[in-house]
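In: Please find the sequence and the predicted model below.
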Amino acid sequence: MSTLAVIGAGVMGETLLAGLLRSGWHATDLVAADRHAARRQEIEGRYGVRTADNATATGLADTVVLVVKPQDVGEVLPQVAGALRPGTLVISLCAGVPTGKLEAGLPKGTPVVRVMPNTPAQVSEGMAAVSAGAHASPTDLDQAVSIMSAVGKAVVVPERYQDAVTAISGSGPAYLFFVVEAMIDAGVMLGLPRDTSTTLVTQTVYGSAKLLAESGEHPNLLRERVTSPAGTTAAALRHLEERSVKAAFMAAMEAARDRSAELGRQG
């Protein structure tokens, strides 16, 4: 198995390392880099992987995964570029950073793949969208999909869709947590103890998502099955429709897409 370097051992970097180890990668085939020596020691002690500075880790690897904040790319990219071996695949999990910007800072012809992950990767239920840069081959895309599949699911999309992906799945967990928070608070308002309301809402959301995923049926059909004529669900849904909740969600995701595109241009 080839050597993979994770540059940036924050929450998502650690999540990816843990997922790769669970999926069958050997600790000896992984190397992690972080700017903080204490964090490197923590990761090494927890997972048994090698750790190093950015340049050293890059020089050891056949695949380099950048997992740093977008604002740190300008500092980290030259360190990676100076140590990169010819033909090494660079996979970027840096939100909003176009492949063109990364390619411009790397040796000419470097294959780059852009990935938009999301936080459910922490429980191996992530959703990642993978896009090829100018020099990435189908094999490179397959490698990126395989790596991200260690922490959930992955799909290949043209890079022009990445802003929409950010709005839907990248930011999506926050929308759902917002709804869950509202439902829990409603339960408390209706007289339930908060822990009971939390359990009811959490399992309802989890079970509904699992039903949607495993049934393969359209959400509209599943919603109709819960909605009896003139019943409690119909009464609740009427209030949501009167308040244009669906339209508000769509507008919110358009705003997220536009902000993603704006941040990409600023970068």
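Out: Looks like it came in fine. Numbering: from 1, shown residues only.

In: and stretch 213-226, average pLDDT?
Out: Computed over stretch 213-226, the mean pLDDT rounds to 96.

In: Tell me which residues are up against that stretch.
Out: With contact meaning CB atoms under 8 Å, 6 or more residues apart in numbering, stretch 213-226 is reached by 208, 211-212, 233, 237. C-beta: built from backbone N, CA, C; applies to glycine.

In: Looking at this structure, which strand is longest?
Out: Ranked by residue count, the top strand of the chain under DSSP state E comes out as strand 126-132.

In: Tell me the strands beside that one, with direction?
Out: Strand 126-132 has the following strand partners under DSSP bridges: strand 112-116 (antiparallel), strand 152-156 (parallel).

In: Reformat the contacts of stretch 213-226 as JSON lines; add secondary structure and neighbour count.
Out: Shown next, in JSON lines, are the contacts of stretch 213-226 (DSSP: H, G, I helix; E, B strand; the rest coil; neighbours: other CB atoms under 10 Å):
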{"residue": "Ser208", "secondary structure": "helix", "neighbour count": "14"}
{"residue": "Leu211", "secondary structure": "helix", "neighbour count": "13"}
{"residue": "Leu212", "secondary structure": "helix", "neighbour count": "13"}
{"residue": "Thr233", "secondary structure": "helix", "neighbour count": "13"}
{"residue": "Leu237", "secondary structure": "helix", "neighbour count": "15"}
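
In: Closest to Leu16 out of those?
Out: Among those, Leu212 lies closest to Leu16 (CB to CB), at 26.4 Å.

In: could you list every residue that touches that closest one?
Out: By CB under 8 Å, 6+ apart, the neighbours of Leu212 are 219, 222.

In: what about the closest residue to Gly10 other than its chain neighbours, how many residues close to it?
Out: The shortest distance from Gly10 to any non-neighbouring residue, by CB to CB, 6 or more residues apart in numbering, is to Val67 (6.7 Å). Residues near Val67, counting by other CB atoms under 10 Å, number 25.

In: Verify the contact between Ala52 and Glu44 for me.
Out: No: under the criterion of CB atoms under 8 Å, Ala52 makes no contact with Glu44, lying 9.8 Å away.

In: Tell me where this protein has strands.
Out: Going by DSSP E, the chain shows strands at 4-7, 30-33, 50-52, 63-66, 89-92, 112-116, 126-132, 152-156.

In: neighbours around Val90, how many?
Out: Neighbours of Val90 using other CB under 10 Å come to 30.

In: Which pLDDT does the model give it?
Out: So Val90 comes in at 98 (pLDDT).

In: Can you point out the buried residues in stretch 5-21?
Out: Buried residues in stretch 5-21, defined by neighbour count with 16 or more other CB atoms under 10 Å: 5-9, 12-21.
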